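below are the sequence and a predicted model; questions follow.
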Amino acid sequence: MPFLIRSFASRAQRLGRTALGPALMGPFLGAALVLLPALALAERVFVSNEKDNTVSVIDGETLEVVETIKVGRRPRAMAFSSDGSQLFVAVGDDEAIDMIDLESLEVVSSLSSGEDPEVIRVDPNRSYVYVSNEDDNIVSVLDYEQRRLVTEIPVGVEPEGVGISPDGKWLIATTETSNMAHIVDLEAMEAVHHRLMGARPRHAEFTADGSEAWVSAEVGATVSILDMQETFDVAHTIRFDVPGVPRETVQAVGVALTSDGRYGFVALGPSNRVAVIDQQSYEVLDYLLVGQRVWHLALNADESRLYTTNGVSGDVTVIDVDDLEAIRSIPVGRFPWGVVVEP
């Protein structure tokens, strides 16, 4: 059951017990459930603003900023807790993970993360959050329920991206200076494969079935497709060349993949474009114009919309996935970096 529905139903049950009494609780809850289809359609989009030390909250219905949350210094990547009750934000200059309660929209706790945390991912099976510590050359493993450091996994120089397989078996850490993708066995908590990527690898994203991992390279302007079933080698390489745009501005950064295996989307940095890729043929289908210096992107729950963060123009572009068309620009804070949509 989606978190918003669970939350609403639990509130109805509490109100029925405390205010209405057992006799009226059933009819009240029944009436409340009539509203659930409308609530299920609602979505909140969270955007980290690197220079403002804030997280903007966008209402998915009105496509407007409805809340601004103060967080620590230099917020970048974000991830939801596995139960959907909290949002974690990597605040690099505070060397911590701020934990936001999604009901109150307030920072309720902060967890020490190691030096310069940048990208975080949550384990689908355990209360673990994985953190790339850029200055330490490690991936920290934190237990966010017990508020403790579990272990540290050595990787290459300047770890950046972190991707985790849907089954929670594999983690990929990209290292910018080493130009590597380090494949970590999460049972052993050890990097067991090391693969050379394009120059300055940034982001790692698994396909929905876990058979592939797409790794972007910022300076190389490529996406490498790793076979995650047999060889763990690069099986395909996608290159980008935007007509009429200087080659040096085409920088592959964020990646989002539809779960139906239809599209892959890649943010291309200062070229101000998002590449649309056929997931099956690896063919680049189109380049969509968005805001200035598009950095990261996220699909909503039903994958009808793609949200992109545009650092220099300070806005979020909303893309209609069916029409492959930008439909709205939403002003947020200064230098928006990360974006996630509430599950």
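Yes, it's here.

which strands border the strand or helix carrying residue 224, and is each parallel or antiparallel?
Element membership for residue 224, per DSSP states H and E: strand 222-227. Paired neighbours of strand 222-227 in the sheet (DSSP bridges): strand 212-217 (antiparallel), strand 234-239 (antiparallel).

beta-bridge partners for residue 215, please?
With DSSP bridges as the rule, residue 215 is bridged to residue 204, residue 224.

what is the burial count for it?
Here the number of neighbours of residue 215 (other CB atoms under 10 Å) works out to 28. Quick note: C-beta positions are derived from backbone N, CA and C, even for glycine.

if we ignore the residues flanking it in sequence, what's nearest residue 110?
residue 96 (4.7 Å; CB to CB, 6 or more residues apart in numbering).

actually residue 91, not the one I wrote
That would be residue 72: by CB to CB, 6+ apart, it lies 3.1 Å from residue 91.

I'd like the distance between residue 330 and residue 46.
13 Å (CB to CB, to the nearest Å).

between the two, what contacts are shared?
residue 58 (CB atoms under 8 Å, 6 or more residues apart in numbering).

of those two, who's got more company?
Per other CB under 10 Å, whichever of residue 330 and residue 46 has more neighbours is residue 46, with 24 against 21.

residues contacting the more buried one?
55-58, 78, 87, 339-342.

show the pLDDT at residue 35.
Model confidence at residue 35, given as pLDDT, is 45.

coming back round to it: the residue nearest to residue 91 belongs to a helix?
No: with DSSP: H, G, I helix; E, B strand; the rest coil as the criterion, residue 72 is coil rather than part of a helix.

what bits of this structure have low per-residue confidence?
1-41 (pLDDT under 70).

just the strands in the stretch 101-250 of the chain please.
Using DSSP state E, counting those that start in this stretch, the strands of the stretch 101-250 of the chain run over 106-112, 117-122, 128-133, 138-143, 148-154, 159-164, 170-175, 180-185, 190-196, 201-206, 212-217, 222-227, 234-239.

what about the last one, distance to the chain center?
What that stands for is strand 234-239. In terms of CA atoms, centre = their mean, to the nearest Å, the centre of strand 234-239 is found 22 Å from the chain centre.

list the beta-bridge partners for the residue lying closest to residue 251 once chain neighbours are set aside.
Among residues not flanking residue 251 along the chain, residue 269 sits closest, at 3.4 Å (CB to CB, 6+ apart). Here residue 269 sits in beta bridges with residue 294, as judged by DSSP bridges.

thank you kindly, that will do.
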